[in-house]
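**Student:** dropping a prediction and its sequence here:
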Amino acid sequence: MSRPIAGDFDYETHGTGYAVRRRTDPRIAVYVHAALGDARTVINVGAGAGSYEPTDRQVTPVEPSASMRAQRPAHLAPAVDAVAEDLPFPDDAFDAAMATVTIHQWSDTDAGLRELRRVSRGPVVILTFDGDALDLLWLAEYAPELIAAERRRYPDIEHVRQVLGGTATVTPIPIPIDCVDGFTEAYYARPERFLDPLVRKSQSAWGFVDQPAIDRAVERLRTDLADGEWNRRHGHLLRQPSFLGSLRLITALPD
């Protein structure tokens, strides 16, 4: 019997090709890797296909989806089949723990965060999004249902800090105009990319929006791009080298 889906999105069914469009952006990776400090051993929970894993440290990836584990490149360590809420490691087993764009998908976020803190004797580094800032992206005008769905998924940033305990800082991360990690805000200056169903497929948020709402959003965007309306309202973004949206890096140090 197969194990139930771990989290709120079925990567076994919808995760094919995910690694092609959701790659490590090196400019975002700089922030993540710096937050790990001098840690030599790192656990990466919800590791997926390996985005943002440092290659100059000993990384133990954890990923419950077989589809995602299969997409890990050969130069990265194979992932342990386990869930965030029940990590099969002793207390303080690693110098640091990391989780990138994953905590909103866990079935029990608080349990997963406590597990990160338990197995790390140093920093816990989490790359996530601030639900309260999701509407900074113009996409909210076209797909309000998507923004509403995402807000329900993302845990409150302050709550995450409280659960992790210790001393936690929150850093807004600028998103470069040619970002290669294809989350929604990565395309702030490439609106035509949302017309591609393969791009939307690599963004789990669309899986929580019904098809009629998706069709309306895509058709309105297609029309506004064709007649120049999007450019009249948002064309300044085409010349903006980065976008400060909802992407956040939480770094929690133990007391």
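**Tutor:** Received it, and whenever you're ready, just let me know what you need. Residues are numbered from 1 along each chain as shown.

**Student:** pretty sure residue 173 contacts residue 251?
**Tutor:** No. Under the criterion of Cβ atoms under 8 Å, residue 173 is not in contact with residue 251, lying 11.6 Å apart. Just so you know, the C-beta spots here come from the backbone N, C-alpha and C atoms, and that holds for glycine as well.

**Student:** and those two? Which one has more around it.
**Tutor:** Set side by side, residue 173 and residue 251 show more neighbours around residue 251, with 24 against 20, by other Cβ atoms under 10 Å.

**Student:** which SS state does that one fall under?
**Tutor:** Counting by DSSP: H, G, I helix; E, B strand; the rest coil, the backbone at residue 251 sits in strand.

**Student:** pLDDT value on the residue lying closest to it once chain neighbours are set aside, please?
**Tutor:** The shortest distance from residue 251 to any residue other than its chain neighbours is 4.4 Å, reached at residue 35 (Cβ to Cβ, 6 or more residues apart in numbering). Residue-level confidence at residue 35 comes out at 98, pLDDT.

**Student:** and residue 35, what does it touch?
**Tutor:** Residues in contact with residue 35 (Cβ atoms under 8 Å, 6 or more residues apart in numbering) are 123, 125, 171, 249, 251.

**Student:** next, the nearest residue to the first one once chain neighbours are set aside: phi, psi?
**Tutor:** This means residue 123. The shortest distance from residue 123 to any non-neighbouring residue, by Cβ to Cβ, 6+ apart, is to residue 96 (4.9 Å). The phi and psi torsions at residue 96 (degrees, to the nearest 10) take the values phi -160, psi 160.

**Student:** now the residue positioned nearest the centre of the chain. Nearest residue, chain neighbours left out?
**Tutor:** Nearest to the geometric centre of the chain sits residue 101, at 2.0 Å (Cα atoms, centre = their mean). Using Cβ to Cβ, 6+ apart and skipping residues adjacent in sequence, the residue nearest residue 101 is residue 127, 5.7 Å away.

**Student:** any idea how far that neighbour lies from residue 188?
**Tutor:** Using Cβ to Cβ, to the nearest Å, we find residue 127 at a distance of 17 Å from residue 188.

**Student:** repeat that for residue 237.
**Tutor:** Look at residue 237 and residue 188: by Cβ to Cβ, they are 6 Å apart.

**Student:** and those two? Which one has more around it.
**Tutor:** Set side by side, residue 237 and residue 188 give different neighbour counts by other Cβ under 10 Å, the larger being at residue 188 (22 against 17).

**Student:** which non-adjacent residue is nearest the more buried one?
**Tutor:** Take residue 188 and drop its neighbours on the chain: the residue closest to it by Cβ to Cβ, 6+ apart is residue 243, 4.3 Å away.

**Student:** if we can go back for a sec, confirm the residue nearest to residue 101 sits in a helix?
**Tutor:** No. Going by three-state DSSP, the assignment for residue 127 is strand, not a helix.

**Student:** which ones are touching it?
**Tutor:** In this structure, residue 127 makes contact with 28, 32, 52, 98-101, 173, 247-250, judged by Cβ under 8 Å, 6+ apart.

**Student:** where strands are concerned, which of those count?
**Tutor:** With strands taken from DSSP state E, the overlap with the contacts of residue 127 comprises 98-100, 247-250.

**Student:** now the two most distant members of the residues you listed.
**Tutor:** Distance extremes for the ones in strands among the contacts of residue 127: the farthest pair is 98 and 247 at 15.1 Å, using Cβ to Cβ.

**Student:** tell me which of the two has more neighbours.
**Tutor:** Here residue 98 and residue 247 are set side by side on neighbour count (other Cβ under 10 Å), and the busier one is residue 98, at 30 against 24.
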